[in-house]
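1. Here is my input, please return the structure:
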Amino acid sequence: MKNAFFAMVSRMKYINRWALMRNEHSENLMEHSFEVSAIAHALAVIGCRRFGKDIDCDRVALLGLYHDTPETLTGDMPTPVKYYSEEVRKAYATVETEACRSLIAMLPEDLRSEYEPLFFHGESDSELWKYVKAADKISALIKCIEEKKAGNSEFDSAAESVAASVDALGLEEAKVFVSEFLPAYDLTLDRLKDE
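-> The predicted structure follows:
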């Protein structure tokens, strides 16, 4: 249906993440997308300010905001399932592409060209997507920290795995974010206010 795009995007709040694990706090796709957008923007700003890069920080934030929107149609595929095999990964990529096409079709024709690049990764944004990918992994690491802080040992091995995957990206901006900003996630509200 044309003009249903934003109503569908709004349904991101009903898609819960981390379905295979016991959660002390459930995290929905809308929360996650905001966090990824904010972190991706921060990574891009760090790249510009600390490493002299020329990055469109606003564009990175926008890519982060919409990065998981196709999951309003596909649901959140747990990582162990999504990457079980190359065949499963390819099949899921096909489903995700069709979901993107369906979402774009929900927009009036005169708006589609503005949104298509947010769903179909072109060459012009390929460099920017590494910041979104890093932010996505850092967001997962934050989830693990929060769950462990709440006493949920279910996330112990996930925290180790995700931390290793963030480090494996080799992105200097991610290393800066992890070393400078991640320690605050272990603090209580009172200690955050005192910092």
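
2. which SS class is the nearest residue to Thr69 once chain neighbours are set aside?
-> Sequence neighbours aside, Val9 is the residue nearest to Thr69 in space, at 5.9 Å (criterion: C-beta to C-beta, 6 or more residues apart in numbering). In short, each C-beta sits where N, CA and C put it, glycine included. Local secondary structure at Val9 is given as helix here, using DSSP: H, G, I helix; E, B strand; the rest coil.

3. does Val9 really touch Pro70, like I thought?
-> No: look at Val9 against Pro70 with C-beta atoms under 8 Å: they stay out of range, at 10.5 Å.

4. what is in contact with those two at once?
-> Contact criterion C-beta atoms under 8 Å, 6 or more residues apart in numbering; residues shared by Val9 and Pro70: Leu103.

5. which parts of stretch 140-158 are buried?
-> 140-148, 152, 154-155, 158 (16 or more other C-beta atoms under 10 Å).

6. For Gly75, see how far away Phe155 is.
-> According to C-beta to C-beta, to the nearest Å, Phe155 stands 21 Å off from Gly75.

7. and what of Leu171?
-> 29 Å.

8. ok, now Tyr115?
-> 21 Å.

9. Now Cys57: closest residue in space that isn't a chain neighbour?
-> Ala44 (4.1 Å).

10. where does this structure dip in pLDDT?
-> 1, 77-84, 195 (pLDDT under 70).

11. the longest helix in it is where?
-> helix 29-51 (DSSP state H).

12. for that one, the distance to its chain's centre please.
-> Between the centre of helix 29-51 and the centre of its chain there are 10 Å (C-alpha atoms, centre = their mean, to the nearest Å).

13. Can you list the helices and strands that it packs against?
-> helix 57-66, helix 129-149, helix 172-180 (3 or more C-beta pairs under 8 Å, 6 or more residues apart in numbering; DSSP states H and E).

14. out of the ones you listed, nearest to Val162?
-> Across the helices and strands packed on helix 29-51, Val162 has its closest neighbour in helix 129-149 (4.7 Å, C-beta to C-beta).
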